[in-house]
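I would like the atomic coordinates for the input below:
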Amino acid sequence: MAASFAESFSRLTRSPGFKFFLVVLLIFILTIPLALVWFVVSERESRSETVKNELAGLFGDAQQVIGPLLIVPYTVQLKRIQDGKEIEETHERYATFLPDEFQAEGEAQSEIRRRSIYEVTLYSARLNLSGRFPAPDIRLIEPDPANVRWRDAILSIGLSDVSGLKEAASLRIDGGRSIAFEPSIGLPNGHTSGLHVRLFPVGANIDEPASAFSFETELVFNGSSSLTIAPIGRNSQLALQSDWPHPSFTGAFLPDTREISAEGFSANWRVPHLARSIPQTWRTDAQQAANIHGTLYPVLSGVSFFVPVDYYALVNRAAKYALMFLSVAFLAVLVLELTSGHRIHAVQYVFVGLAMILFYVLLLSLSEHVGFTLAYLIASGATGGMLSLYTGKAMQSDARGFIMFFVFLILYGLLYLILRLEDFALLAGAVAGFIMLTITMFATLRINWSGEAANPAGQQN
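Next comes the predicted model:
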């Protein structure tokens, strides 16, 4: 009985079916080092983002331009009941007016700066803002104000990173007098980054609302990653151009016309105020002054200086197909083993799996120095060539080594194709997986997975 059980167990462990499930188990075990690879990719990408943010912080962050907005302070008298008595309180508010016409024309000169092995896209921009404000009417938002301080009216521009400004700026009113900008947005509680000018000189005796006026200003600043502008006018026209050849238009509105070439891009927007869902006039309490430009954040539109080859994203995408490619490689080795007279030990399968996982580490480390395409060629060639030679030596067959080389050539070629097919990557991966599974199934159709010999009828074991 004991001998019979030992023979049955020995036959089971030598059967192709047992070897198949052992290989499957090894594949799942190899997900542990594969998870470590994903961790390394994530850590290196995080380090890259940190360095990029440091460079951008020194040069200029992604810039958001909102304004100019005409802001007029006023007070209202409100009544409330306290301890059975009616109390009258004075509350300060701000009326915000947007221009009827608004034009923004900008040009950005891009450059790539490096720190160690990391690089970031930066730009130097020159932005001209012009337009025309109608005569402000406080009654549009406050029918009965107690006191309107027209003499304290300001024009405020929100700029997300004022440290990127490279030249002093001034505002020209009606093509005549020029007023120098001051830091901040000009409100007591307004901490939003930006600039402002007083519409009238300090101490001016102004009791009447301003009449309609035109304005023009030019801002020269540095930035990185993106440049977006709020279409603040009843009729807004935006125009941006740059020498960056890979723009990604972003924000609430896409450009009406655009031209992109190897020399750069140009784009134009036309945005009516009806498309913004934001009124031309609104009021803000004193407590909300810090976010007075925030109302227009949802309509920011512009361009992102897109980097077309992000090797961290490509390596991460490649690692997502690791299990499928491990499975194909292991099954290929298993089929060659079962059709040959040489057995491959489970440890040797582990070596093959570890080498295929190390491919992703090679790909990541080389990409940081020589670019993704060349790194992929070197890493896949080294890994595929070494594993083909190893398989041939293990089976003592050059022919089977060449077969594995052909398998790895298809695998790595297919993976590269999937990585380049951004829109059809999932479809290509699914089709490739189906084809490889079909080939494996029919290639192993005649394998006796149980390992039991076919005995003639009536023959005793």
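
So residue 150 sits against residue 205, correct?
No - when contacts are counted by Cβ atoms under 8 Å, residue 150 is not listed as touching residue 205 (10.2 Å). C-beta coordinates here come from the backbone N, C-alpha and C atoms, glycine included.

These two: who's more crowded?
Counted by other Cβ atoms under 10 Å, residue 150 and residue 205 do not tie: residue 150 has more neighbours, with 18 against 6.

and the closest residue to that one other than its chain neighbours, how many neighbours does it have?
Leaving aside its sequence neighbours, residue 150 sits nearest to residue 206 (Cβ to Cβ, 6 or more residues apart in numbering; 4.9 Å). By the criterion of other Cβ under 10 Å, residue 206 has 15 neighbours.

next one: residue 275
13.

Likewise for the one 5 residues further on?
Here the number of neighbours of residue 280 (other Cβ under 10 Å) works out to 16.

Show me what counts as buried in stretch 195-212.
195, 196, 197, 199, 210 (16 or more other Cβ atoms under 10 Å).

and the last one, what pLDDT?
Residue-level confidence at residue 210 comes out at 78, pLDDT.

Quick check: it touching residue 153?
Yes - between residue 210 and residue 153 there is a contact under Cβ under 8 Å: 6.4 Å.

Next, show the common contact partners of the two.
Shared contacts of residue 210 and residue 153 (Cβ atoms under 8 Å, 6 or more residues apart in numbering): 70, 136, 199, 200.

mind giving me CSV with the residues you listed and columns for pLDDT, secondary structure and distance to residue 187?
CSV is the format used below for these (pLDDT from 0 to 100; DSSP: H, G, I helix; E, B strand; the rest coil; distance: Cβ to Cβ, whole Å):
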residue, pLDDT, secondary structure, distance to residue 187
70, 93, strand, 13
136, 90, coil, 17
199, 85, coil, 14
200, 81, coil, 16
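
Farthest pair within those residues?
136 and 200 (12.9 Å; Cβ to Cβ).

Can you work out which residues contact both of those two?
Common neighbours of residue 136 and residue 200 (criterion: Cβ under 8 Å, 6+ apart): 153, 210.

So which residue is smack in the middle of the chain?
residue 306 (8.8 Å; Cα atoms, centre = their mean).

Ramachandran coordinates for that residue?
Per-residue torsions, residue 306: phi -70, psi 140 (degrees, to the nearest 10).

tell me the contacts of it?
Residue 306 touches 246, 247, 248, counting by Cβ under 8 Å, 6+ apart.

Can you check which helix is longest in the chain?
helix 31-59 (DSSP state H).

Give me the packing partners of that helix, helices and strands only.
Using 3 or more Cβ pairs under 8 Å, 6 or more residues apart in numbering; DSSP states H and E, the elements in contact with helix 31-59 are strand 101-115, strand 118-133, strand 213-224, helix 311-320, helix 322-338, helix 346-370.

now do 6 Å
Using 3 or more Cβ pairs under 6 Å, 6 or more residues apart in numbering; DSSP states H and E, the elements in contact with helix 31-59 are strand 118-133, helix 311-320, helix 346-370.

buried sites along the last one?
When you say that, I think you mean helix 346-370. Quick answer for helix 346-370 (16+ other Cβ under 10 Å): 348-349, 352-353, 355-368.

The first one now?
Judged by neighbour count (16+ other Cβ under 10 Å), strand 118-133 contains these buried residues: 118, 120-125, 127, 129-133.

In PDB, list the C-alpha atoms belonging to it.
The C-alpha trace of strand 118-133 is given here as PDB (Å, rounded to 0.1, in the frame of the first residue of the first chain):
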ATOM      1  CA  TYR A 118      15.600  65.300 -14.400                       C
ATOM      2  CA  GLU A 119      14.200  68.000 -16.800                       C
ATOM      3  CA  VAL A 120      11.300  70.400 -16.700                       C
ATOM      4  CA  THR A 121       9.600  72.500 -19.300                       C
ATOM      5  CA  LEU A 122       9.700  76.300 -18.600                       C
ATOM      6  CA  TYR A 123       8.600  79.300 -20.500                       C
ATOM      7  CA  SER A 124       9.100  83.100 -20.600                       C
ATOM      8  CA  ALA A 125       5.800  84.900 -21.600                       C
ATOM      9  CA  ARG A 126       4.900  88.300 -22.700                       C
ATOM     10  CA  LEU A 127       1.100  88.900 -22.300                       C
ATOM     11  CA  ASN A 128      -0.800  92.000 -23.500                       C
ATOM     12  CA  LEU A 129      -4.200  92.600 -21.900                       C
ATOM     13  CA  SER A 130      -6.600  95.200 -23.200                       C
ATOM     14  CA  GLY A 131     -10.300  95.900 -23.200                       C
ATOM     15  CA  ARG A 132     -13.000  98.400 -22.200                       C
ATOM     16  CA  PHE A 133     -15.100  98.700 -19.100                       C
END
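
ok, that strand: who's next to it in the sheet?
strand 101-115 (antiparallel), strand 213-224 (antiparallel) (DSSP bridges).

Could you identify which of these is most buried?
Among the strands paired with strand 118-133, strand 213-224 has the highest mean neighbour count (mean count of other Cβ atoms under 10 Å), at a mean of 20.
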